[in-house]
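[1] Quick check, what structure comes out for this input:
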Amino acid sequence: MGLFRAFLSEQSAPDRFYGELAQDSARHVDQFHRLQGTLLLDVGGGPGFFADAFAARGATYVAVDADAGEMRLHGREPGPRTVLARGDALPFADATFDVTYSSNVLEHVDAPWRMADEMVRVTRPGGTVVVSYTLWFGPWGGHETSPWHLIGGSYAARRFQRRRGGAPKNVFGESLFAVTAAQGITWALNATDATVVAIEPRYLPSALHWIVAVPGLRELVTWNLLIVLRRSEDRGHRGADRP
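    Next up, the predicted model:
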């Protein structure tokens, strides 16, 4: 509920929104892989709020973002270990990081599972891959065009522009894509280089985690899906995208 209240202040108080989200993210990742002393890669790190939260828990934080403008949102400057690069072509050697992390980025990438494969590739054996993303058919799937995205992404974008006098920040088919829970679960279960640690709704209480096992319902109710993988000793890599 605290995060939900913070979501409502994204535009009016971005420091509060992104700060609380980053702290929650770091706390959550720390439950799966202790962050103290780790080398962590954040794919889609944005304007530095996550850097603060992960560093506070003892991680050496490295960020990758494909948009230089995103790095400087809300008057912030990129940190010293911030790299401008695409998430689906990470400029790092195999098995570099203890933890690779991405929050709410996959839905903005036209090749999301290639990006997820890249995250596995650069994670050390025994390391942890943590991915969470917003589901298209959930209440916030269209981001600022919600809930009209449920009728159609292009329609929602046109409606937003007509009502607001300008295009949405997240344009369907360009910077926002329809990514589902089924796609993420299929990718995770078929990962040849990692084993599944957890697949769960990120923002729902633990008593409701069973929802991800119910096709259809999980797309509507889960809202944001969290996938946690452990990198295996086998360093082979599939490197192929999925539809």
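[2] how much distance is there from stretch 156-166 to the middle of the chain?
    Distance, stretch centre to chain centre, for stretch 156-166: 26 Å (CA atoms, centre = their mean, to the nearest Å).
[3] ok, now stretch 20-40?
    Centre to centre, stretch against its chain (CA atoms, centre = their mean), the figure for stretch 20-40 is 14 Å.
[4] same question for stretch 39-48, mean pLDDT?
    Mean per-residue pLDDT for stretch 39-48: 85.
[5] what's the first-to-last distance across that stretch?
    16 Å (CA to CA, to the nearest Å).
[6] just stretch 26-44 next, same as before
    Span of stretch 26-44 from end to end, CA to CA: 15 Å.
[7] Near the closest residue in space to residue 189 that isn't next to it in sequence, how many other residues are there?
    Spatial nearest neighbour of residue 189, excluding adjacent residues (CB to CB, 6 or more residues apart in numbering): residue 196 at 6.5 Å. Just so you know, the C-beta spots here come from the backbone N, C-alpha and C atoms, and that holds for glycine as well. Other residues lying near residue 196 total 13 when counted by other CB atoms under 10 Å.
[8] so what's the closest residue to residue 170 other than its chain neighbours bridging to?
    The spatially closest residue to residue 170, leaving aside those adjacent along the chain, is residue 176, at 4.0 Å (CB to CB, 6+ apart). Under DSSP bridges, the beta-bridge partners of residue 176 are residue 172.
[9] Next, find the distance separating residue 176 from residue 141.
    From residue 176 across to residue 141, the span is 9 Å (CB to CB, to the nearest Å).
[10] Now for residue 146: which residues touch it?
    Neighbour list for residue 146: 139, 140, 156 [criterion: CB atoms under 8 Å, 6 or more residues apart in numbering].
[11] just the helices in this structure please.
    For the chain, the helices defined by DSSP state H occupy 2-7, 14-32, 49-56, 68-71, 112-121, 153-164, 181-189, 217-221.
[12] most tightly surrounded among these?
    Ranked by mean neighbour count, the helices of the chain are led by helix 112-121 with a mean of 23 (mean count of other CB atoms under 10 Å).
[13] orientation of that helix relative to helix 181-189 in degrees?
    Computed with axes from the mean of the first three to the mean of the last three CA atoms, to 10 degrees, the direction of helix 112-121 lies at 30 degrees from that of helix 181-189.
[14] Point out the other helices and strands that helix 112-121 packs with.
    In terms of contacts (3 or more CB pairs under 8 Å, 6 or more residues apart in numbering; DSSP states H and E), helix 112-121 is packed against strand 39-43, strand 97-103, strand 123-134, helix 181-189.
[15] Can you pull out the residues in contact with that helix?
    So helix 112-121 is contacted by 41, 43, 87-90, 94, 100, 102, 105-106, 109, 129, 131, 133, 177, 179, 183, 187, 191, 193-194, 229, 231, 237-242 (CB under 8 Å, 6+ apart).
[16] how far away is the closest residue to residue 140 other than its chain neighbours from residue 133?
    Distances taken as CB to CB, 6+ apart place residue 146 nearest to residue 140, at 5.3 Å, with adjacent residues excluded. Per CB to CB, residue 146 is found 15 Å from residue 133.
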